[in-house]
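[1] Sequence first, then the predicted structure, then my questions.
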Amino acid sequence: MDADKQIEGVDVDGQYVELAVEVFAMLADATRVRLILAMQDGEMSVNKLAGIVDKSPAAVSQHLAKMRLGRLVSTRQEGTRVFYRLANEHAARLVSDAIFQAEHSLDDHPRHHQIQGADA
């Protein structure tokens, strides 16, 4: 394998690149980004998520079903209620980094750098 075609041990021509594109496509929806942000605090029911993102439970269910197929979220059933949670920390990190990048687009001194600087 050509070392020039690797980034941090991942072959840029490999299957992970194609799958990463699918993850980005899955996240290219404002409602799904909002759902991921909401689930950073833990698992929630469809109704609670619908209230947070201001969408109907049916619409949220459809988004969550796609996100489940994409392995971004997982579920737990309690009786007839289904609770959704992030499948791992990576989706939340992707969304946070995308928001941080957006802050850079809007401001020379993005908020996340100001917050980090205050902690130091």
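    Nice, I can see it. Numbers count the residues shown, from 1 in each chain.

[2] CA only for contacts and neighbour counts going forward, please
    Noted.

[3] Where do the strands of the protein begin and end?
    If DSSP state E is used as the criterion, the strands of the chain fall at 6-7, 10-11, 44-45, 73-78, 81-86.

[4] A65 is nearest to which of those strands?
    Of all the strands of the chain, it is strand 73-78 that lies closest to A65, at 8.8 Å by C-alpha to C-alpha.

[5] For the closest one, buried residues please.
    73-75 (16 or more other C-alpha atoms under 10 Å).

[6] Between the residues you listed, which sits nearest A91?
    Taking the buried residues of strand 73-78 together and measuring to A91 by C-alpha to C-alpha, the closest member is V73, at 8.8 Å.

[7] quick one: contacts for the closest one?
    Neighbouring residues of V73 by C-alpha atoms under 8 Å, 6 or more residues apart in numbering: 64, 67, 84-88.

[8] how near is it to G9?
    Going from V73 to G9 by C-alpha to C-alpha, to the nearest Å gives 26 Å.

[9] related to what we said a few turns ago, could you dump the strands of the chain into JSON lines and include mean pLDDT and distance to G51?
    Listed next are those as JSON lines, based on pLDDT from 0 to 100; distance: least, C-alpha to C-alpha, whole Å:
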{"stretch": "strand 6-7", "mean pLDDT": "65", "distance to G51": "40"}
{"stretch": "strand 10-11", "mean pLDDT": "74", "distance to G51": "39"}
{"stretch": "strand 44-45", "mean pLDDT": "97", "distance to G51": "10"}
{"stretch": "strand 73-78", "mean pLDDT": "96", "distance to G51": "18"}
{"stretch": "strand 81-86", "mean pLDDT": "96", "distance to G51": "14"}
